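Visitor: everything below, folded, please.
(chains A and B)
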Amino acid sequence: DTAVSQTPKYLVTQMGNDKSIKCEQNLGHDTMYWYKQDSKKFLKIMFSYNNKELIINETVPNRFSPKSPDKAHLNLHINSLELGDSAVYFCASSPPLGVNTGELFFGEGSRLTVL
Amino acid sequence: QKEVEQDPGPLSVPEGAIVSLNCTYSNSAFQYFMWYRQYSRKGPELLMYTYSSGNKEDGRFTAQVDKSSKYISLFIRDSQPSDSATYLCAGGYSTLTFGKGTMLLVSP
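Guide: Numbering: from 1, shown residues only, chains lettered A, B, ... in the order given. Here you go, the predicted structure:
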């Protein structure tokens, strides 16, 4: 059973389109994240939700809108896609404070290519 | 200056070698430190977790944190071809900040 699952794994689209990536975790964690990994492998946080509430919103264009319908799901919608949005987007979740505080469990990633 | 600096490599070693991977960080507030391993086209997975300064050993892997010098290290003994991956160091106190990752290639 996959702990953090993302769909789709691959996404190829044209500039200007709108697309969504879905994420679900079955670990019972309260906190979920979206990270972006660029071509140089740099992994940077975009958003963090705790129990459906937005707690971190890094400097991300407002074309990116996260949505958390419940604490097990965190989706990412991107409007008016640009070439620079091409990257791998990782969903992650983390357990409450305690053993291994701050540990992240990552999904397999969604590779977005904007043409 | 980025909060976590890491040499991107690649670092190529023969099988059986001892590998040393290093990072520096700038944020004194960091309390926990991690090493993640990322295979090609996969998500990062936790390899080692250290809280505050000190050493931690797990099999062939040893993680070291020196908060006085803001230095994070990962040592791999008897490296194997299956260790070939990108290794990401990270530090944090509320959220994790990652280094750029070091690509390690272990040749048979």
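
Visitor: going forward, measure contacts between C-alpha atoms and count neighbours the same way
Guide: OK.

Visitor: which strand residues bridge the residue nearest to the spatial centre of chain A?
Guide: Using CA atoms, centre = their mean, the residue of chain A that lies closest to the mean C-alpha position is A:Trp34, 2.8 Å off. Beta bridges link A:Trp34 to A:Phe47, A:Cys91, judged by DSSP bridges.

Visitor: tell me the contacts of it?
Guide: Residues in contact with A:Trp34 (CA atoms under 8 Å, 6 or more residues apart in numbering or on different chains) are A:45-48, A:76, A:89-92.

Visitor: can you give me the strands for chain B?
Guide: Assigned by DSSP state E, chain B shows strands spanning B:4-6, B:11-14, B:19-25, B:32-38, B:45-51, B:54-58, B:61-66, B:71-76, B:85-92, B:96-98, B:102-107.

Visitor: now do the fifth one: distance to the chain's middle.
Guide: Read that as strand B:45-51. The gap between the average C-alpha position of strand B:45-51 and the chain average comes to 9 Å, counting by CA atoms, centre = their mean, to the nearest Å.

Visitor: poorly predicted segments of chain B, please.
Guide: Counting by pLDDT under 70, the ranges of chain B that qualify are B:1.

Visitor: contact residues of it facing chain A?
Guide: Near chain A, the residues belonging to chain B are B:32, B:34, B:41-46, B:49, B:92-101 when assessed by CA under 8 Å from any CA of the partner chain.

Visitor: look at A:Gly102 and give its secondary structure.
Guide: The three-state label for A:Gly102, taken from DSSP: H, G, I helix; E, B strand; the rest coil, comes out as coil.
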